[in-house]
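Novice: Turn this into a model:
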Amino acid sequence: MIGILGGTFDPVHFGHLRTALEVMQGVGLEEVRFIPLFQAVHRDQPEVSPRLRLKMVQIAIQGQQGFVADDREMQRTGDSYSVDTLRELRQAWPDKPLCLLLGMDAFSGFPEWRRPDEILRLAHLIVMQRPGQGEGDPTDPRVRGMVEAHRCMRRSQLKERGAGCIFFQPVTQLQISASHIRAMVATGQSPRYLLPEPVLRVIEENRLYQSERSTPFDGA
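Specialist: Residues are numbered from 1 along each chain as shown. Prediction:
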């Protein structure tokens, strides 16, 4: 089984890395492919260029067996839609189960994605569930309907089918966000211990996320 974790990764941090590792080990994925988007559709555009965001992902996952940096959305350019990426991956691996990793917020908005029904025909959804979280937006009947129709309770079901399951995987609560890291850097604070040290060096060397009034953080 192949896991797919997309996002801006602006920058990649331990929240991304730890949850991906827990899902890979907990579900039994062969690999997790980190796919930085080229151009956001439903969120603000990334502050950093595709090249540097990909570089930060590549150096962040070095040494972790099963983690792969995948640049296919950057090669495709334009708006980054998950359904297009999953079509490409399905062509590359026609017989392997594909598992799209989502946080709970993303899953609550999943009915608004482009072609959500086709996504479920192409891949499983693995929803990364932190302590105390429910199972999507309980007020949205579309979310409730999808869970009722597609929920799988056993990990083995993910291997038995190539796509179509929604599986909730518990993960550790890590209150880390890329927006908070960017805000820290912009005000001259160090985000050390929130992200890998090599990623921190890229941020400092390229003066990423710094406002005109900020000064580089000390000791990074």
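Novice: what's the closest residue to residue 10 other than its chain neighbours in contact with, if anything?
Specialist: Beyond its immediate neighbours in the sequence, the residue positioned closest to residue 10 (C-beta to C-beta, 6 or more residues apart in numbering) is residue 46, lying 4.3 Å away. The C-beta positions use only the backbone N, C-alpha and C, and glycine is treated the same way. Applying C-beta atoms under 8 Å, 6 or more residues apart in numbering, we find residue 46 in contact with 8, 10, 37, 40, 53.
Novice: just so I have it, where are all the helices in the protein?
Specialist: Here the chain has its helices, by DSSP state H, at 14-27, 50-60, 72-76, 82-92, 104-108, 116-122, 141-150, 156-160, 178-186, 197-205.
Novice: Run through the neighbouring helices and strands of the fifth one.
Specialist: Same thing as helix 104-108. Counting contacts by 3 or more C-beta pairs under 8 Å, 6 or more residues apart in numbering; DSSP states H and E, helix 104-108 packs against strand 124-129.
Novice: between the contacts of residue 46, which is nearest residue 89?
Specialist: The nearest member of those to residue 89, counting by C-beta to C-beta, is residue 37 at 14.5 Å.
Novice: closest to residue 130 out of the helices of the chain?
Specialist: Residue 130 lies closest to helix 104-108 among the helices of the chain, at 7.0 Å (C-beta to C-beta).
Novice: Off-centre distance for that closest one?
Specialist: Averaging C-alpha positions (C-alpha atoms, centre = their mean, to the nearest Å) puts helix 104-108 12 Å from its chain's average.
Novice: Grab the nearest non-local neighbour of residue 29.
Specialist: residue 3 is the one closest to residue 29 (C-beta to C-beta, 6+ apart), at 4.3 Å.
Novice: Near the one you found, how many other residues are there?
Specialist: Neighbour count for residue 3, taken as other C-beta atoms under 10 Å: 25.
Novice: how far away is it from residue 200?
Specialist: Separation of residue 3 from residue 200 (C-beta to C-beta, to the nearest Å): 26 Å.
Novice: Ok, residue 35 next?
Specialist: Look at residue 35 and residue 200: by C-beta to C-beta, they are 22 Å apart.
Novice: nearest residue to residue 59 other than its sequence neighbours?
Specialist: Leaving out its chain neighbours, residue 59 is closest to residue 198 (C-beta to C-beta, 6+ apart), at 4.3 Å.
Novice: circling back: output the contacts of residue 46 in CSV, with distance to residue 90 appended to each entry.
Specialist: Output for the contacts of residue 46, formatted as CSV (distance: C-beta to C-beta, whole Å):
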residue, distance to residue 90
8, 24
10, 27
37, 18
40, 23
53, 25
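Novice: Just the buried ones out of these, please.
Specialist: Buried by 16 or more other C-beta atoms under 10 Å: 8, 10, 37, 53, out of those.
Novice: For those residues, give me a markdown table that also has distance to residue 179 and pLDDT.
Specialist: What follows is the buried ones among the contacts of residue 46, written out as a markdown table (distance: C-beta to C-beta, whole Å; pLDDT from 0 to 100):
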| residue | distance to residue 179 | pLDDT |
| --- | --- | --- |
| 8 | 10 | 94 |
| 10 | 9 | 96 |
| 37 | 16 | 92 |
| 53 | 14 | 95 |
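Novice: Measure how buried residue 27 is and give me the count.
Specialist: Residue 27: 20 neighbours (other C-beta under 10 Å).
Novice: Setting aside sequence neighbours, what's the nearest residue to it?
Specialist: In space, residue 27 is closest to residue 155, 5.6 Å off (C-beta to C-beta, 6+ apart).
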